[in-house]
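Trainee: sequence plus the predicted model coming up.
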Amino acid sequence: MAAYQLLIIGGGLSGIAAGIRAARFGLKTLILEQHTLPGGLNSYYLRQGRLLETGLHAMTNFAPPGAKQAPLNRLFRQLHLSRKRFEFHEQLGSEIRFAGRSLRFGNDSALLEAAIDREFPEAVDRFRQLKEAIAACDPFAAAPWRSARQFLAEHLRHPLLEDMLLLPLMIYGNAEEHDMDLGQFVIMFRAVFEEGFFRPGGTMREFLDLLVRQYREFGGELRYRSPVAAIETDGERVVGVRLEDGEVLSADTVLSTAGIPETMRLSGWQGDRTRYAGRMSFMETISFVPRANAASLAQGRTIVFYHNGPRLDYRRPEDYLDTSWGVICFPGNFSGLPPEDPAQIRVTNTASYPRWHGLAAEAYGPVKERWTQAAVIASEEIVGNYRPSIVYQDSFTPVTIERFTRKAEGAVYGSGIKIRTGATPWANLFIAGTDQGYLGIVGAMLSGITIVNQHVLR
């Protein structure tokens, strides 16, 4: 029986970051990944010679090298990675389109305030006071759940502006329907509006290759095609895992990044798994169009968050897809990126897992094609027509997400209930990733690092 000091379930970004941190300090570490590629929710796949990324529109939390306490720079220090090994491409600028109103913002936080001054001059002073209140918040302090909507209403007293600010923050990390915890709101406000969007040079493949190489250079082991069938327990402790092929691996500590419901299932953790199942999943459509066409649609924007209704309706839809709101991303619109031809347009809309899961196999393809076209048509109302220019197109749904990541019901942001300590009923089994409560790509990686620092290295 192979024995490890730390065994990590899941080769997504939180698992890889945890592995790097542990292996750096000499722990015999193994990452088990069921897929053939690393990355989890933020990975890639190939279709007809084209590389398509999953999950990543942009990374949040951009920071210049001198901002030593910024999450991005703390991440590099913890992983013993030099920023000089990475290229950084900041967003050109993004937009919130909501019920006919518009707010532009970028990586300079003054841009959003100036946009609010132009569009909602009656509310700009209250927005400045809101920023002061956010600066005074400690989102990591132990506190009961607090309503972000109520917090915004108290400070802004402007429902439309409140919804416009919530839209990108919810879409980029909120597991709850309708509202979000104030601590989560503060984290996302800082990550999106005060620090901003960027992406590493190259594709997600190069970024993941660099991280995996760092992990292996520290002596870490990584196995692909290794789905876990069960977490083995003995009394109050876990003793290892059993793989689906029957192999048993022992471990001093097990770290799961598969989410609370899946970890409950694997370990026999008693409780109602449905209580922890997230409801927010998405369908993504990726279209390739000639570069000139994409440029005329993007108009200098990196991401467009849009909502056509009068009030923000952030919830699982009743139908397969809700195309009345979503995200339109132009992955080529980051500063300094080499031109790509054809260019990509990525459209993301909230989707109903039960609807997609309930489809018969023969119905799945035609239904997906119908809703792919519906998503594109809805995006054209925001950025302009591009259907005649599409040279290739692909899409994936909540059932695809669940299949390749084991995130229950394809819930991209995991459970609405977070376990901030990472603790489970077993003293040496821990949760990391979205269900620990850290948000975004940088947050997911810091989650894995934090659990290793607090519970493994100590």
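Mentor: Good, I have the coordinates.

Trainee: what about E177, is that helix, strand or coil?
Mentor: Using DSSP: H, G, I helix; E, B strand; the rest coil, the structure places E177 in coil.

Trainee: mind listing what's buried in stretch 172-184?
Mentor: Applying a neighbour-count criterion of 16 or more other C-beta atoms under 10 Å, one finds 172-177, 179-184 buried in stretch 172-184. Just so you know, the C-beta spots here come from the backbone N, C-alpha and C atoms, and that holds for glycine as well.

Trainee: please apply the same query to stretch 121-133.
Mentor: Buried residues in stretch 121-133, counted by 16+ other C-beta under 10 Å: 123-124, 126-127, 130-131.

Trainee: circling back: save the buried residues of stretch 172-184 as TSV, and put in pLDDT too.
Mentor: Below are the buried residues of stretch 172-184 laid out as TSV (pLDDT from 0 to 100):
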residue	pLDDT
Y172	92
G173	89
N174	94
A175	94
E176	95
E177	96
D179	97
M180	95
D181	94
L182	95
G183	92
Q184	92
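
Trainee: closest to R346 among those residues?
Mentor: Top of the list for closeness to R346, among those and by C-beta to C-beta, is Y172 at 13.7 Å.

Trainee: OK, contacts around the closest one?
Mentor: Counting by C-beta atoms under 8 Å, 6 or more residues apart in numbering, Y172 touches 60, 188, 191-192, 439-440.

Trainee: farthest-separated two in these?
Mentor: Maximum pairwise distance among these (C-beta to C-beta): 9.9 Å, between V192 and L439.

Trainee: domains in the chain, by residue range?
Mentor: According to automatic domain parsing, the chain comprises the domains 2-83+202-276+414-456, 113-193, 279-405.

Trainee: let me know which of the ones you listed is tucked in deepest.
Mentor: Comparing those by mean neighbour count (mean count of other C-beta atoms under 10 Å), domain 2-83+202-276+414-456 ranks first with a mean of 20.

Trainee: could you give the mean pLDDT of it?
Mentor: Per-region confidence: domain 2-83+202-276+414-456 scores 93 on mean pLDDT.

Trainee: can you get me the start-to-end distance on that domain?
Mentor: Distance between the two ends of domain 2-83+202-276+414-456: 19 Å, counting by C-alpha to C-alpha, to the nearest Å.

Trainee: got it, and stretch 311-329?
Mentor: This stretch, stretch 311-329, spans 22 Å end to end (C-alpha to C-alpha).

Trainee: so how far is that stretch from its chain's centroid?
Mentor: Chain-centre distance of stretch 311-329: 17 Å, with C-alpha atoms, centre = their mean, to the nearest Å.

Trainee: any idea of the mean pLDDT in that stretch?
Mentor: Stretch 311-329 comes out at a mean pLDDT of 97.

Trainee: show the backbone phi and psi for D252.
Mentor: The phi and psi torsions at D252 (degrees, to the nearest 10) take the values phi -70, psi -40.

Trainee: from G448, how far off is it?
Mentor: 17 Å (C-beta to C-beta, to the nearest Å).

Trainee: which parts of the stretch 51-200 of the chain are helices?
Mentor: 71-78, 110-119, 124-135, 148-156, 159-171, 182-189 (DSSP state H, counting those that start in this stretch).

Trainee: closest one to G93 among the domains of the chain?
Mentor: Nearest to G93, of all these, is domain 279-405, at 6.0 Å by C-beta to C-beta.

Trainee: tell me the average confidence for stretch 94-104?
Mentor: The average pLDDT for stretch 94-104 rounds to 96.

Trainee: how about it: buried residues?
Mentor: The neighbour-count check on stretch 94-104 (16+ other C-beta under 10 Å) flags 94-98, 103-104 as buried.

Trainee: what about these, which are in strands?
Mentor: The strands, defined by DSSP state E, take in 94-98, 103-104 from the buried residues of stretch 94-104.

Trainee: give me phi/psi at G201?
Mentor: Main-chain dihedrals, G201, degrees, to the nearest 10: phi -70, psi 160.

Trainee: now it: how far from F86?
Mentor: G201 sits 7 Å away from F86, going by C-beta to C-beta.

Trainee: still on that earlier bit, and the helices of the stretch 51-200 of the chain as CSV, adding distance to D322?
Mentor: Converted to CSV, the helices of the stretch 51-200 of the chain look like this (distance: least, C-beta to C-beta, whole Å):
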stretch, distance to D322
helix 71-78, 31
helix 110-119, 25
helix 124-135, 28
helix 148-156, 20
helix 159-171, 12
helix 182-189, 21
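
Trainee: R213 is nearest to which of those?
Mentor: Ranking the helices of the stretch 51-200 of the chain by proximity to R213 (C-beta to C-beta) places helix 71-78 first, at 15.1 Å.

Trainee: and the angle for that closest one with helix 182-189?
Mentor: Between helix 71-78 and helix 182-189, the angle comes out at 90 degrees (axes from the mean of the first three to the mean of the last three C-alpha atoms, to 10 degrees).

Trainee: quick one: helix 71-78 to chain centroid distance?
Mentor: For helix 71-78, the separation from the chain centroid amounts to 18 Å (computed by C-alpha atoms, centre = their mean).

Trainee: ok, and what's touching it?
Mentor: 17, 21, 61-63, 65, 67-68, 82-83, 191, 195, 442-443, 445-446, 449, 453.

Trainee: equivalent analysis for stretch 418-432, please.
Mentor: Here stretch 418-432 makes contact (C-beta under 8 Å, 6+ apart) with 14-15, 18, 142, 175, 231, 233, 236-238, 252-257, 259-260, 263, 267, 269-270, 435-437, 447-448, 450-451, 454-456.

Trainee: mind listing which of those residues are in strands?
Mentor: Using DSSP E, these in strands are 231, 233, 237-238, 252-256.

Trainee: which stretches of the stretch 201-350 of the chain form helices?
Mentor: For the stretch 201-350 of the chain, the helices defined by DSSP H, counting those that start in this stretch cover 204-217, 260-267, 273-276, 291-298.

Trainee: any chance of those helices in CSV, plus distance to F76?
Mentor: Below are the helices of the stretch 201-350 of the chain laid out as CSV (distance: least, C-beta to C-beta, whole Å):
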stretch, distance to F76
helix 204-217, 11
helix 260-267, 29
helix 273-276, 32
helix 291-298, 30
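
Trainee: show me the one of the ones you listed that comes nearest S109.
Mentor: In terms of C-beta to C-beta, the element of the helices of the stretch 201-350 of the chain nearest to S109 is helix 291-298, at 22.3 Å.

Trainee: quick one: list the elements packing against that closest one.
Mentor: Here helix 291-298 touches strand 343-351, going by 3 or more C-beta pairs under 8 Å, 6 or more residues apart in numbering; DSSP states H and E.
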